[in-house]
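>>> Fold the following, please.
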Amino acid sequence: MTGLTQRNGDIVPAASAAAPSGLAPASAWRGAVLPLALLAGWILTVDTGWLTNPLLVPLAQVLAAPFTDPDGRQIWGAIGWSLLRVVAGVSTGASIGIALGISLSLWRPAQRAVSPTLHGLRQIALFAWIPLLTSWFGNGETAKIVFISLSACFPAFLNTEQGVRTISPALREVADLARLSAWQRVTRLVLPGAAPSIFIGIEIALLTAWIGTVGAEYAIGVGGGIGSFLVAAREGFRMDLVLVGVVALAAIGYGFSRLARRLRFTFVPWQTRS
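Numbering: from 1, shown residues only. Have a look, this model is predicted:
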């Protein structure tokens, strides 16, 4: 049976072996082989003039566009708008999802009444919500924030619900023996016990919200943001700016993933890295 211990008053599984601090240098270099090969092929075929096509632009032009091109410099403001929206949406949607996941897992009547509806709603394709939300809230910021919150809510809810359900019965027995109140049970048993799943849910919520942010900007098309930047670049047939936007999307998405994992292993130190 899994060992039990208390950490700052919380009932948690016994700490496992210390997690490694990061990827080994050899593994990191192996992961960089394919991107470096693609960049080398890009330079050899396009920058040297071997291939000429309006859809193929030199790498040097793409790298310079965000700094020297007046249209390209708009990417920085677009990134700022998108980040503000994703922070607002994730903080709202993930909070609602975590609260719902904990409440429904602990209160069986509410779970039987509400969970089937929520699980049915999550089957609806994410971007299918946009026509309905724009009909209700218009084409402004409210519709975008609600859509982003919705995209973050379901991953947080599902992972929190699953995390609470998988808390060890032995831990629940310890909580019963300790005669914890309802609030103490949530703060000392449920939150620490479900923390790994909750943080995984936050990680997924960040990524889906980032996709939802750009998708909302692209589909609704009002206001700044990377999605609007990409629309303008495409309509102007500026492939260098399109590539700048795509690289920005990938870099920020990767950054969100790394940030979420770092937070998970910081606040859930008893979880061993896989």
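>>> which stretches of the protein have low pLDDT?
When the per-residue scores of the chain are filtered using pLDDT under 70, the ranges that remain are 1-28, 221-222, 270-274.
>>> Look up the closest residue to the residue sitting nearest the centre point of it, ignoring the ones flanking it.
Geometric centre of the chain, nearest residue: Leu206, 1.7 Å, by CA atoms, centre = their mean. Closest residue to Leu206 apart from its sequence neighbours, by CB to CB, 6 or more residues apart in numbering: Phe256 at 4.5 Å. Placement of C-beta: from N, CA and C, glycine included.
>>> Contact partners for Ala60?
Residues counted as contacts of Ala60 (CB atoms under 8 Å, 6 or more residues apart in numbering) are Asp47.
>>> how much space between it and Arg238?
Per CB to CB, to the nearest Å, Ala60 is found 15 Å from Arg238.
>>> any residues touching stretch 75-85, and which ones?
Outside stretch 75-85, the residues within contact range by CB under 8 Å, 6+ apart are 66, 141, 144-145, 148, 213-214, 216-217, 223-229, 241, 244-245, 248, 252.
>>> ditto for stretch 133-151
85-86, 88-90, 92-93, 96, 126, 129-130, 205, 208-209, 211-213, 216-217, 220-223.
>>> again, only using 6 Å
For stretch 133-151, contacts defined as CB atoms under 6 Å, 6 or more residues apart in numbering pick out 85, 88-89, 92-93, 126, 208-209, 212-213, 216, 220, 222.
>>> same thing with stretch 104-116?
Under CB under 6 Å, 6+ apart, the answer for stretch 104-116 is 161, 164-165.
>>> Going by distance to Ala182, which of the residues you listed wins?
Ala182 lies nearest to Val164 out of the contacts of stretch 104-116, by CB to CB, at 13.8 Å.
>>> which one is the closest one nearest to, not counting chain neighbours?
On the basis of CB to CB, 6+ apart, the spatially nearest residue to Val164 that is not a chain neighbour turns out to be Ser105, at 3.7 Å.
>>> ok but the one you found is inside a strand, no?
No. Ser105: not assigned to a strand; according to DSSP: H, G, I helix; E, B strand; the rest coil it is helix.
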